[in-house]
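Asker: Any chance you can model this:
(chains A and B, ligands or ions: 3)
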Amino acid sequence: MSWSNLFSTSIGKKLIMSLTGIFLVIFLVVHCYVNANVLFTNGEENFNRAAHFMGTNLLIRVTEIGLFAGFILHIIQGYKLEWLNRSKRASRYAVTAGNKTSKWYSRSMALLGSLILIFLIVHLAHFWVPSRITGLEEVTYDGKPYHNLYLEMQHVFAQPWAVALYLLGCFSLSWHLLHGIQSAAQTMGWTSKNYFPIIRSVGQAFSIVVPLIFALMPVFMHFGWEIDLGSITLLF
Amino acid sequence: MQHYTMNLNLKVWRQKSGTSTGGFETYSVSNISSEMSFLEMIDVLNERLIKEGGDPIAFDHDCREGICGMCSMVIDGRPHGPWKGTTTCQLHMRAFKDGDTITIEPFRANAFPVIKDLMVSRSAFDRIIQAGGYVSVNTGNAVDGNAIPIEKEKADDAFAAAACIGCGACVAACKNASAMLFLSAKVSHLALLPQGEPERKQRVVSMVAQMDKEGFGSCTNTYACEAECPKEISVLNIARLNREYLNASLSGS
Ligand code: HEM
Ligand code: SF4
Ligand code: FES
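Answerer: Ligands and ions are numbered 1, 2, ... in the order given. This is a model prediction of the structure:
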């Protein structure tokens, strides 16, 4: 068997989902870490500086291209897989087992992914487009100009519908990952008698904690809340 | 448990042949004993249908003791019915109560075409086995079981995987009609033992290729297969299959 066939079989298609999924999970960690700045005192300056670093560092900009490619591959392959898998049972059952034998979210990955996709498009339009293309207001720290992405967040999250949409995005992500992380590990063949329970627990914890931190951001911005860390500077 | 009798309504899938369109027919059966097996209950109905000059319901069965894997049917949405770790022949009528309506359908998957009524062809599984699920050296007479030392844990895992009876409930249960639990059992069973070692890489690659050719779906790890498998084959075998496949592909077998 040659290398070129590796990704074209039924297992290979899942390997693509798994590899891109894991890559997206790593991105989430970085994204969450940087943005968590907005939850704390002096969030404006800390966050704007961090965003500036992320937007100007060459290595990160190159990785960003990979990130877009990863998303596109994951989405296209995800829909293709869903369509292919659905086509394997032309005549449907009159009665199905439903939640008795599997979790609803494990059967709804394409639906949850579609909700994430809707969120993603609005999210890119909210922040990525102005910061990379159409431009943002600027602030100066130590005499240097910075994009005021924090101000943009305040504008966006002043609107209740935006807060609601972001919360829906976080919920969908949480369910998607609840199935996705252990599924990716299983697809990669990493699970075994000893590791499966650990992988599942760590995956579940991640799927709840990270989307929860993300969900706090629009809520905090909307109500103008912040956590006082005193003199501790969290990040960057 | 107390013995009781019951009257039931059965909604059974009737289909004359693979090419005709099928549909549900409703039958009522009475005085069914709670100690009957599910297949015996259908036998009772079939005898009546024959006496009335009708066409009996076609269904597969052979051993009627949970080892041949023939008795494929979906009962109220569950392959082999509501009990865990059993085949249809091992399902007893005490799983139901008087007045129940039971829906009985064939296993549904493009790769398992209906032959008649509840009977499907599972020949796709045979062709997957023919693609590599064997050891091709001539082994001669049976040798002493302990002539080749094998670690206890591997022997146990291989034995558990070898328990697969090829019934197809995993495919029937899977929303993608994926045969990965079946294939993972067959690949694991041989990959764990020294006898399977020489053909280990070629085997997994060929069997996966045949599985895809037969029209089974990809595994999305919902684990409905494990929940329905009469032999309770573990989905950890699927992880092993994925590992075996990745290993074989990356090393260019
Ligand atoms: C943007 C729209 C998205 C769509 C349409 C989508 C769709 C899908 C689909 C259809 C699957 C396959 C389900 C399965 O195999 O069980 C999947 C799996 C997965 N997704 Fe997504 N997804 C999206 C976004 C994301 C994001 C943002 C992440 C992580 C940050 C992610 C992480 C994963 C993981 C880890 C898996 C499991 C891979 C595997 O089963 O091997 N997905 N996705
Ligand atoms: S893995 Fe289980 S459900 Fe699938 S064919 Fe084997 S015994 Fe039947
Ligand atoms: S008839 Fe053999 S397993 Fe049911």
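
Asker: mind listing the strands for the chain?
Answerer: Using chain A. A:138-141, A:144-147 (DSSP state E).

Asker: Switch to chain B, please.
Answerer: B:5-14, B:23-33, B:74-75, B:78-79, B:101-105, B:114-116, B:119-120.

Asker: if we can go back for a sec, out of the strands of chain A, flag the one nearest ligand 2.
Answerer: When those are compared by C-beta to the nearest ligand atom, strand A:144-147 sits nearest ligand 2, at 56.1 Å. Every residue, glycine included, has its C-beta placed from N, CA and C.

Asker: picking up where we left off before, so can I have TSV of the strands of chain B showing distance to A:P197 and mean pLDDT?
Answerer: Shown next, in TSV, are those (distance: least, C-beta to C-beta, whole Å; pLDDT from 0 to 100):
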stretch	distance to A:P197	mean pLDDT
strand B:5-14	40	98
strand B:23-33	42	98
strand B:74-75	31	98
strand B:78-79	27	98
strand B:101-105	35	98
strand B:114-116	40	98
strand B:119-120	36	98
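
Asker: tell me the most buried of the ones you listed?
Answerer: strand B:78-79 (a mean of 26; mean count of other C-beta atoms under 10 Å in any protein chain shown).

Asker: What lies in contact with it?
Answerer: Outside of strand B:78-79, the residues within contact range by C-beta atoms under 8 Å, 6 or more residues apart in numbering or on different chains are A:A97, A:K100, A:T101, B:S72, B:M73, B:F107, B:G168, B:A169, B:A172, B:A173, B:E228.

Asker: ok, now which ones touch the fourth one?
Answerer: Spelled out, that is B:S72. Applying C-beta under 8 Å, 6+ apart, one finds that B:S72 lies in contact with B:60, B:79-80, B:88, B:106-107, B:112, B:118-120, B:122, B:167-169, B:172.

Asker: repeat that for 6 Å
Answerer: Residues in contact with B:S72 (C-beta atoms under 6 Å, 6 or more residues apart in numbering or on different chains) are B:D60, B:F107, B:G168.

Asker: Which pLDDT value goes with it?
Answerer: Here the pLDDT value assigned to B:S72 is 98.

Asker: What score does the closest residue to it other than its chain neighbours have for pLDDT?
Answerer: Counting by C-beta to C-beta, 6 or more residues apart in numbering or on different chains, B:S72 lies nearest to B:F107, which is 4.7 Å off, once chain neighbours are set aside. The model reports B:F107 with a pLDDT of 98.

Asker: B:F107 and B:C170 touch, don't they?
Answerer: No - the pair B:F107 / B:C170 is not scored as a contact, 10.2 Å apart, by C-beta atoms under 6 Å.

Asker: These two: which has the busier surroundings?
Answerer: With neighbours defined as other C-beta atoms under 10 Å in any protein chain shown, B:F107 and B:C170 compare such that B:C170 has more, 32 against 26.

Asker: Nothing else from me, thank you.
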